[in-house]
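Enquirer: how would this look folded up:
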Amino acid sequence: MKTIWKVSKEVEIKALDDNLFLFKFQGDGDKNKVMESTPWSFDKQMLLLHPFNGDLRPHEYVFGKVPLWVRIYDLPLGMRNRNIGQKIRERVGTLLAIDDSIEEGGWA
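Expert: Predicted structure coming up:
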């Protein structure tokens with residue numbers, strides 16, 4: 001993970017349960033960089049991160065949502081507008097932002 005995250009110091013990884021791991025960073029700078037740069041994936045799986053809370057038991061952590069970009073390839077030109085973007089949003093989840101170039105035909 002050190003290579004993927006491009007952190008300056010070592011990261012210790014401990015398995016706590018099935019699909020639940022504790023990442024111990026050597027410094028707050030590296031930890032903050034990783035936490036602020038989400039979402040992450042590893043081995044084609046979404047890696048959800050949650051700040052450490054020593055008062056919680058492993059099963060009490062909630063990993064429910066993750067912000068991500070949705071890119072739709074080869075969308076017909078007449079469908080590249082905010083109305084269609086809203087309809088797609090309704091199927092995917094909460095909308096955080098729409099690419100501003102959508103009103104210009106979706107060209108970035």
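Enquirer: which residues sit against stretch 26-39?
Expert: Outside stretch 26-39, the residues that touch it by C-beta atoms under 8 Å, 6 or more residues apart in numbering are 5, 7-11, 23, 25, 40, 46-49, 51, 66-68. Any C-beta I mention is one placed from the backbone N, CA and C, and that applies to glycine too.
Enquirer: cutoff 7 Å now
Expert: W5, V7, S8, K9, E10, F25, M46, L49, P51, V66, P67, L68 (C-beta atoms under 7 Å, 6 or more residues apart in numbering).
Enquirer: which one is the first one nearest to, not counting chain neighbours?
Expert: The reference is to W5. Nearest residue to W5, sequence neighbours excluded (C-beta to C-beta, 6 or more residues apart in numbering): V34, at 5.0 Å.
Enquirer: where do the strands sit along this structure?
Expert: Taking DSSP state E, the strands of the chain run over residues 11-17, 20-25, 40-42, 45-47.
Enquirer: want to try CSV for these, with distance to Y73, mean pLDDT and mean neighbour count as columns?
Expert: Formatted as CSV, the entries for the strands of the chain read as follows, by distance: least, C-beta to C-beta, whole Å; pLDDT from 0 to 100; neighbours: other C-beta atoms under 10 Å:
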stretch, distance to Y73, mean pLDDT, mean neighbour count
strand 11-17, 34, 92, 11
strand 20-25, 33, 93, 14
strand 40-42, 19, 86, 12
strand 45-47, 20, 87, 13
